[in-house]
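A.B. asks: pasting the structure only:
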């Protein structure tokens with residue numbers, strides 16, 4: 001009776017868990033197997049990539065394709081299958097690729113004599129002009145509609161007299 005139990009294979013302890021890799025030279029029991037979306041077979045982590053299991057399905061030709069981004073302008077540069085991505089990138093750069101304009105990423109202060117530039121625009125709600133952090137308040141940039149500005153203070157003093 002005890003002899004019959006010892007003859008059972010060890011992998012029968014949890015027979016319903018995991019799947020064996022479908023690569024004939026591997027057959028690893030994997031508890032988190034990958035099912036190929038192209039050929040439908042099951043693979044271990046080492047053979048999950050299309051080229052690692054010699055996939056025969058047709059879907060991997062459409063899916064396993066990375067498109068590089070241009071380092072200068074950030075545009076995605078597509079290339080033909082079989083063509084090295086470097087050739088397509090060189091063709092893109094030589095065809096007039098230009099880096100994005102940098103003036104739009106920095107916002108200059110409208111206060112006379114101030115040369116400060118900010119990353120984010122700080123628009124005055126009254127005069128609709130852009131200012132730096134130091135001059136963002138109406139009283140700091142002599143906003144035309146602000147009561148302490150020179151034009152409105154002279155008219156208010158004249159009205160008081």
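C.D. replies: Perfect, I can see it now. Since the model is a prediction, treat every value here as computed from it, not as a measurement. Residues are numbered from 1 along each chain as shown.
A.B. asks: contact partners for residue 121?
C.D. replies: For residue 121, the residues meeting the contact criterion (Cβ atoms under 8 Å, 6 or more residues apart in numbering) are 107, 130. C-beta: built from backbone N, CA, C; applies to glycine.
A.B. asks: that one and residue 51, how far apart?
C.D. replies: Residue 121 sits 49 Å away from residue 51 when distances are taken as Cβ to Cβ, to the nearest Å.
A.B. asks: report the mean per-residue pLDDT for stretch 127-134.
C.D. replies: pLDDT averaged over stretch 127-134 equals 90, rounded to a whole number.
A.B. asks: which stretches of this structure form strands?
C.D. replies: Using DSSP state E, the strands assigned to the chain run over residues 19-20, 29-30, 34-35, 42-43, 107-108, 117-118.
A.B. asks: partner strands of the fourth one, parallel or antiparallel?
C.D. replies: So the one you mean is strand 42-43. Take DSSP bridges as the rule and strand 42-43 pairs in its sheet with strand 34-35 (antiparallel).
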